[in-house]
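> just coords:
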C-alpha cells in the first residue's frame with residue numbers, strides 16, 4: 001500500500017497517510033490538537049482545512065452545504081471527508097485548532113484537618129540492628145504500634161539493598177495506616193506528594209499537592225485526548241460499545257492525557273515522578289470505566305448499569321500512571337450509572353451533606369447531573385443535555401478557549417460580545433451562548449418557543465459567526481433536559497423552588513455563567529441571586545480533599561451510598577414536563 005506525505009502549515013510538519021485513508025485519521029496522530037466533535041461524520045464542520053496543494057477530490061453536496069454555512073471557498077475542505085489519494089499540503093483553519101487551556105483550579109475551598117491516607121515516617125536505624133538475628137522486615141514493622149502494618153513481597157528487595165547502607169535513618173511510606181508501600185534511604189519525610197485529577201470529558205486538570213501541608217504546588221490542564229473518539233461521553237460509550245477494539249485506545253488516551261499533565265506540573269513544582277505516591281481521580285462513571293479499560297456496554301443500553309460504584313485503591317503501575325509504581329490510585333466513588341465520581345467529589349467540596357437543609361447541586365455539562373437535598377433525604381438524577389453547553393454541536397460553537405465569545409449583552413438594537421483573549425471572535429462557548437439567547441429574546445430575534453422569525457432562520461453574532469435555528473434547538477433541548485431534571489427531582493423530595501436555601505452550580509461552564517441570562521431562558525429557576533453559589537471546579541476541589549483526608553474519603557463513600565436515584569425516562573410525567581420545559585421562559 002502506498003503512503004503519501006501530508007505537510008501541515010505553517011508548522012511545516014510532515015505526516016504520512018496511506019492511500020484511501022481519511023485525512024482526519026492522519027491528523028488525529030499529529031501533535032497539533034484538532035477536534036472531531038461529530039467523530040468524522042461531516043456534520044459539525046469543525047475539522048476545517050485549506051488545501052494548499054495536492055488532489056483532495058471534490059466535496060459532495062452535504063459537505064458543500066456545511067462549507068457554505070461557514071462561508072468557505074473552493075480551497076477549503078472538511079478533513080473527515082477527504083480521502084488521501086496523493087501528497088497534500090494543507091493549512092489547518094484557526095477554528096479547527098484546539099487551543100491550550102488555562103486550568104480552572106479554583107473551586108470551593110474549606111478548612112479540614114490534614115490526615116492523608118498516604119504518609120511518610122522517618123525511622124532511626126538502631127546501631128545494632130544489622131547484627132540482630134531478627135529479620136529486616138520484622139525489625140521495620142516492629143517500629144510501628146499494634147496492629148502492625150503489612151508489607152508486600154516487593155518491599156523485600158528494597159530492604160535487601162538497604163542492608164549495606166550506612167545511613168542511620170530510613171523513611172517508610174505508609175498507606176491507610178496499615179500497609180507499607182516503600183522504604184526510602186535517609187529522611188525523606190518532608191517530601192511527600194500526591195496528585196489530584198479532574199478527569200473531565202472535554203478537559204482534564206491535574207495538580208501536584210504537598211501532603212504535609214496541603215498546598216497546591218503546581219497545576220496543568222489540557223484537552224482530553226479521547227476527543228478524537230467523539231466530543232461527548234455518549235459518543236465514546238457508543239464507540240466502545242459498537243467497536244470493542246476501541247476500548248484500549250480510549251483507555252490509553254485517558255492515561256496519556258493525565259501523564260502529560262502530571263509531567264508538566266511536576267516540572268513546574270520541581271519534583272520527581274517517584275515522589276508521587278497517591279493519585280486521586282474524580283471522573284464521571286464512563287470516564288472511570290474507560291480509564292481502567294473496562295467495558296462500558298452496561299452504560300450503552302438500558303437499564304444503564306455500571307460495573308462498579310466504589311473500588312479499593314489500585315496500584316499505580318496497574319493504572320498506567322507515570323508516578324511511583326508502588327503508589328496507589330483512588331477513584332472517587334460513582335453514585336449511580338450516569339452520576340459519577342466527579343459529582344461525589346463535588347458534593348464533598350460543597351460539604352453538601354452538612355450544609356443548608358434544603359439545597360440543590362447542579363453540574364452543567366454534557367451530562368447534567370443534579371442532586372437535591374431535603375433534610376436527610378437526598379436524591380439524584382442525570383440528564384442527557386448533550387454537548388451544547390460546552391460549545392459542541394453548535395455550528396459556530398467552541399470550548400472556552402481564546403477566540404470564544406464568553407459574554408454577550410443587548411446594546412441598543414444589537415448584541416455586543418466579549419471574547420476570551422485579544423483576538424477576533426472565532427466561535428461561541430457555552431456561557432456566551434446563554435447570554436446570546438437571553439439577549440435575542442429581549443430583541444425579539446427569537447420567540448419563547450425558540451423560533452427565529454423570517455425566512456433566513458439565523459442571526460449574526462460577529463464577523464463570520466451566525467447562530468442558526470438548528471443551533472437554538474440544540475440549546476433548547478439541553479436547557480429543557482436540565483430544567484426537567486430539576487423540576488422532577490424537587491417533586492421527588494417534596495420541595496418547591498421557593499423553599500431552596502442554596503443552589504450550588506459547579507463546573508467550568510458555571511464559573512462564567514450569568515445568573516440573569518440563565519434565569520431568563522429558564523436554565524436556572526428564578527430565586528434570590530444570593531442563593532446561587534458558583535463553586536468552580538468542584539470535582540478537582542473534592543479530589544484534593546479526598547487526597548488530603550481519610551475522613552473526608554469515608555464520608556464521601558458513605559454519602560454516595562445514601563443518595564437515591566430517580567430515572568427520569570421511566571416516569572409517566574417526564575414527557576409532559578420536558579415539552580413544557582422547551583419554552584425559553586422564567587420558572588419558579
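Cool, the structure landed. Note that the coordinates shown come from a computational prediction; the quantities given were computed from them, not determined experimentally.

> which residues touch residue 406?
Residues counted as contacts of residue 406 (CB atoms under 8 Å, 6 or more residues apart in numbering) are 400, 418-420, 429, 431-432, 512. For glycine as for every other residue, the C-beta is placed from the backbone atoms N, C-alpha and C.

> how far away is residue 476 from residue 428?
Per CB to CB, to the nearest Å, residue 476 is found 16 Å from residue 428.

> of those two, which one has the most company?
Taking other CB atoms under 10 Å, residue 476 and residue 428 do not tie; residue 428 has more neighbours (30 against 21).

> so that one sits right up against residue 389, yeah?
No. Checked against CB atoms under 8 Å, the pair residue 428 and residue 389 is beyond contact range at 11.5 Å.

> what helices and strands are in contact with the helix or strand where residue 578 lies?
If you go by DSSP states H and E, residue 578 is part of helix 574-581. Applying 3 or more CB pairs under 8 Å, 6 or more residues apart in numbering; DSSP states H and E, we find helix 574-581 packed against helix 469-493.

> residue 321: what's it in contact with?
255, 258-259, 262, 279, 329.

> partners of the helix or strand harbouring residue 222, with directions?
Using DSSP H and E, residue 222 maps to strand 216-223. If you go by DSSP bridges, strand 216-223 pairs up with strand 203-210 (antiparallel).

> residue closest to the middle of this protein?
Closest residue to the average C-alpha location of the chain: residue 200 at 1.0 Å, with CA atoms, centre = their mean.

> residue 68 and residue 209: what is the separation?
For residue 68 relative to residue 209 (CB to CB), the value is 50 Å.

> neighbour count winner among those two?
Of the pair residue 68 and residue 209, residue 209 is the one with more neighbours under other CB under 10 Å, namely 27 against 11.

> wait, isn't that one in contact with residue 546?
No. Here residue 209 does not reach residue 546: they are 11.0 Å apart, not a contact under CB under 8 Å.

> quickly list what's touching both of those two.
residue 196.

> now the contacts of residue 321: which count as buried?
With neighbours counted by 16 or more other CB atoms under 10 Å, these contain buried members at 255, 258-259, 262, 279, 329.

> return the subset of those lying in helices.
Secondary structure from DSSP state H places 255, 258-259, 262 of those in helices.

> where do the strands sit along the stretch 251-400 of the chain?
Per DSSP state E, counting those that start in this stretch, the stretch 251-400 of the chain carries strands over the ranges 276-283, 314-315, 328-331, 358-363, 367-374, 377-384.

> possible to save these as CSV with mean pLDDT and distance to residue 51?
Compiled in CSV, the strands of the stretch 251-400 of the chain are given as follows (pLDDT from 0 to 100; distance: least, CB to CB, whole Å):
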stretch, mean pLDDT, distance to residue 51
strand 276-283, 98, 38
strand 314-315, 96, 47
strand 328-331, 98, 45
strand 358-363, 96, 41
strand 367-374, 93, 37
strand 377-384, 92, 37
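
> contacting residues for residue 404?
Taking CB under 8 Å, 6+ apart, we find residue 404 in contact with 391, 398, 419-420, 425-429, 432.

> so what's it bridging to?
Beta-bridge partners for residue 404, by DSSP bridges, are residue 427.

> from residue 535, how far out is it?
Separation of residue 404 from residue 535 (CB to CB) stands at 22 Å.

> cool, and residue 213?
For residue 213, the distance to residue 535 - CB to CB - is 23 Å.

> these two - which one has more neighbours?
Neighbours were counted for residue 213 and for residue 535 using other CB under 10 Å; residue 535 has more, 22 against 9.

> just the pLDDT for residue 410.
On the pLDDT scale, residue 410 is placed at 95.

> what's the neighbour count on it?
For residue 410, the neighbour count with other CB under 10 Å is 17.

> quick one: contacts for it?
For residue 410, the contacting residues are 416, 439, 442-443, by CB under 8 Å, 6+ apart.

> among those, who's most crowded?
residue 439 (20 neighbours).

> which strand or helix spans that residue?
Residue 439 belongs to helix 430-443, assigned by DSSP H and E.

> against which helices or strands is that helix packed?
Packing contacts for helix 430-443, counted by 3+ CB pairs under 8 Å, 6+ apart, involve strand 404-411, strand 414-419, helix 469-493, helix 515-520.

> that helix - what's its average pLDDT?
Mean pLDDT, helix 430-443: 95.

> please apply the same query to stretch 415-426.
Stretch 415-426 comes out at a mean pLDDT of 87.

> mind listing what's buried along it?
415, 417, 419-420, 425-426.

> which of those sits closest to residue 582?
Nearest to residue 582 among the buried residues of stretch 415-426: residue 415, at 22.7 Å, using CB to CB.

> list the beta-bridge partners for the closest one.
residue 410.

> phi first, then psi, for residue 546.
The phi and psi torsions at residue 546 (degrees, to the nearest 10) take the values phi -70, psi -20.

> how close does it sit to residue 464?
Distance, residue 546 to residue 464, by CB to CB: 44 Å.

> next: residue 285.
For residue 285 relative to residue 464 (CB to CB), the value is 38 Å.

> looking at those two, which one has more neighbours?
Counted by other CB under 10 Å, residue 285 and residue 464 do not tie: residue 285 has more neighbours, with 29 against 15.

> correct me if wrong: residue 51 contacts residue 74.
No. When contacts are counted by CB under 8 Å, residue 51 is not listed as touching residue 74 (9.0 Å).

> so for those two, which residue has more residues nearby?
The neighbour count for residue 51 versus residue 74, taken as other CB under 10 Å, is higher for residue 51 (18 against 10).

> so who does that one touch?
Residue 51 neighbours (CB under 8 Å, 6+ apart): 75-77, 82, 88-90.

> identify the bridge partners of it.
residue 90.

> what's the domain layout of this structure?
The chain breaks down by automatic domain parsing into domains covering 3-96, 118-185, 193-331.

> so can I have CSV of these showing distance to residue 110?
Output for the domains of the chain, formatted as CSV (distance: least, CB to CB, whole Å):
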stretch, distance to residue 110
domain 3-96, 35
domain 118-185, 21
domain 193-331, 12
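
> distance to residue 45 for the strands of the stretch 251-400 of the chain - can I get that in a markdown table?
Below are these laid out as a markdown table (distance: least, CB to CB, whole Å):
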| stretch | distance to residue 45 |
| --- | --- |
| strand 276-283 | 29 |
| strand 314-315 | 41 |
| strand 328-331 | 36 |
| strand 358-363 | 28 |
| strand 367-374 | 24 |
| strand 377-384 | 23 |
